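Novice: sequence and computational prediction follow.
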Amino acid sequence: MVRRWGGDSATPVWEVNTWSVAAFNALPACECRIHNPVGDDAEWTDGDRKLMSDVTGYGWHNVGITPRPGQPSWVFSVGVWHTLRFPEVAMFGLQMTDMGMWINAIGEQVRAGRPPEPGVPVVGVIEGFPVELRPVHQSWYRDLLGYGMWFYRAWFPVLQIVWPDRNGLFPWDEGAGERCRRDQPVLWRPAEEQPLGQWRYGERGLDWLWPDAPDRKVFVSKRITDEGYALTYVVHDRDGDWQFLDGATVSKGDVVVAHLGDMASRFPTTNGLGGLPVGWHAWIGPLGDWIRAPIPR
């Protein structure tokens with residue numbers, strides 16, 4: 001179960017490499033469900049009870065989110081802040097079992113009195129490679145860390161474990177590998193500063209209904225993008241490409257390239273077309289609904 005948070009709260013401002021253990025200790029105690037029960041335990045799911053049991057018995061619980069089309073898995077801790085007064089830890093883009101093990105390694109370092117420091121590569125997590133920790137901006141919490149918000153019910157600090165490529169290069173280093181860059185979100189920057197894509201879905205949250213990734217390039221009529229014409233015709237070509245058109249005849253010079261995520265966000269009525277098979281097209285019918293059919297040969 002993926003918990004999502006619908007509230008809001010003030011967020012302390014902390015930037016990359018400016019956080020410190022002393023600053024964490026100066027923050028007020030957490031308002032979590034253990035410190036301040038709210039009497040809603042009768043409504044808890046089995047997953048909720050497992051989380052609470054793990055935090056109480058072990059110190060934290062790791063939440064794993066399975067991969068989706070166009071989006072890798074991720075894992076984050078819930079309870080480290082409550083138990084150890086150190087930020088929760090999140091990791092993205094690798095095998096869930098491994099990420100959970102590496103998050104536990106960070107937690108055990110903190111428990112042993114050896115907390116990581118800002119701006120210093122952390123060793124002893126991934127064998128043979130250092131990792132770095134970056135603070136997560138709150139704008140990402142709702143979609144990616146919802147179970148943490150359910151537990152804490154207010155702001156809590158989170159650090160992202162950033163891993164390097166096989167050559168030891170981090171995503172911000174020149175020449176870093178494609179997977180290292182692609183499969184790790186840049187959570188230390190506000191979500192609104194980044195384009196819709198593999199990790200940011202705008203108001204849709206995690207309800208991604210398309211078979212391709214949000215950063216998939218699609219073809220769009222210039223009349224839609226530049227002149228405000230209505231989107232009335234969608235084509236899923238036999239070669240797998242998507243076209244978003246206004247129903248008029250188009251030539252090569254009449255279209256521009258856009259991202260699928262941008263189009264789905266701008267035209268939410270098209271989200272129901274995610275299941276349109278290859279080689280089919282759809283158009284707006286007289287009643288305003290989408291009519292689907294195979295593309296004539």
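Specialist: In hand now; what should we look at? Numbers count the residues shown, from 1 in each chain.

Novice: from here on, just use CA atoms for contacts and neighbour counts.
Specialist: Will do.

Novice: per-domain residue ranges of this structure.
Specialist: 21-193, 217-294 (automatic domain parsing).

Novice: for stretch 280-293, the distance to its chain's centre please.
Specialist: 32 Å (C-alpha atoms, centre = their mean, to the nearest Å).

Novice: neighbouring contacts of stretch 279-286?
Specialist: For stretch 279-286, the external contacting residues (C-alpha atoms under 8 Å, 6 or more residues apart in numbering) are 232-240, 247, 273, 276, 290-295.

Novice: cutoff 10 Å now
Specialist: With contact meaning C-alpha atoms under 10 Å, 6 or more residues apart in numbering, stretch 279-286 is reached by 231-247, 270, 273, 276, 289-297.

Novice: and the pLDDT for the spatially closest residue to residue 21 that is not a sequence neighbour?
Specialist: Excluding its sequence neighbours, the residue lying closest to residue 21 (C-alpha to C-alpha, 6 or more residues apart in numbering) is residue 86, at 7.1 Å. We have a pLDDT of 92 for residue 86.

Novice: same check, this time on the one 4 residues further on
Specialist: In this model, residue 90 is scored at 97, pLDDT.

Novice: quick check: bridge partners of it?
Specialist: Beta-bridge pairing for residue 90 (DSSP bridges): residue 76, residue 160.

Novice: picking up where we left off before, now the domains of the chain in a markdown table, with mean neighbour count and distance to residue 210?
Specialist: As requested, the domains of the chain are exported to a markdown table (neighbours: other C-alpha atoms under 10 Å; distance: least, C-alpha to C-alpha, whole Å):
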| stretch | mean neighbour count | distance to residue 210 |
| --- | --- | --- |
| domain 21-193 | 17 | 8 |
| domain 217-294 | 16 | 4 |
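
Novice: to residue 199, which of those domains lies closest?
Specialist: Closest to residue 199 of the domains of the chain is domain 21-193 (C-alpha to C-alpha; 6.3 Å).
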